[in-house]
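>>> Sequence first, predicted coordinates after that:
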Amino acid sequence: MKFNLGINHKYLTMNKAQLIDAMASEANLTKADAKKALDAFINSTTGALKKGDRVALVGFGSFSVSNRSARTGRNPKTGTEMKIPAKKVVKFKAGSELSDSVK
């Protein structure tokens, strides 16, 4: 799927409103229905990840949660050492079809 947003930049960020517009156009939905669908996807994915589940979309990619251990870092301004606590992070691994389509 290609998006023409009328801007010809090397790096372009699609915001939520633009994604809703693209989804509505691609799926022949109203913008309100596309927004509901996107919000439902985000809420469902967030809920699954909170429970520790993995969300896999064949060909697109998978979302998962992993644990990042505590570590020592440095304050970039002062150079002093600081402790960074352990935390959970969300990871996304692109599927083969997605990876191939952006080559």
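It's in. Numbers count the residues shown, from 1 in each chain.
>>> Outline the domain layout of the chain.
The chain breaks down into these domains under automatic domain parsing: 10-52, 54-103.
>>> Tell me which of those sits most buried.
Highest mean neighbour count among the domains of the chain (mean count of other C-beta atoms under 10 Å): domain 10-52, with a mean of 12. Where you see a C-beta, it was placed from the backbone N, CA and C, and this is true even at glycine.
>>> now that domain: mean pLDDT?
In this model, domain 10-52 has an average pLDDT of 94.
>>> Distance from the chain centre to it, please.
Going by C-alpha atoms, centre = their mean, to the nearest Å, the spacing between the C-alpha centre of domain 10-52 and its chain's C-alpha centre is 11 Å.
>>> Hmm, residue 85 and residue 72 touching each other?
No - at 11.0 Å, residue 72 does not count as touching residue 85 under the criterion of C-beta atoms under 8 Å.
>>> and the lengthiest helix in the chain, what does it pack onto?
Secondary structure of the chain per DSSP state H: the longest helix is helix 31-50. Here helix 31-50 is seen to pack against helix 16-27, strand 55-57, strand 61-68 when contacts are counted using 3 or more C-beta pairs under 8 Å, 6 or more residues apart in numbering; DSSP states H and E.
>>> Can you say which of the ones you listed is nearest to residue 45?
Minimum separation from residue 45 across these (C-beta to C-beta) falls at strand 55-57, 5.1 Å.
>>> now for that closest one, which elements pack on it?
Helices and strands touching strand 55-57, as assessed by 3+ C-beta pairs under 8 Å, 6+ apart, comprise helix 31-50, strand 61-68.
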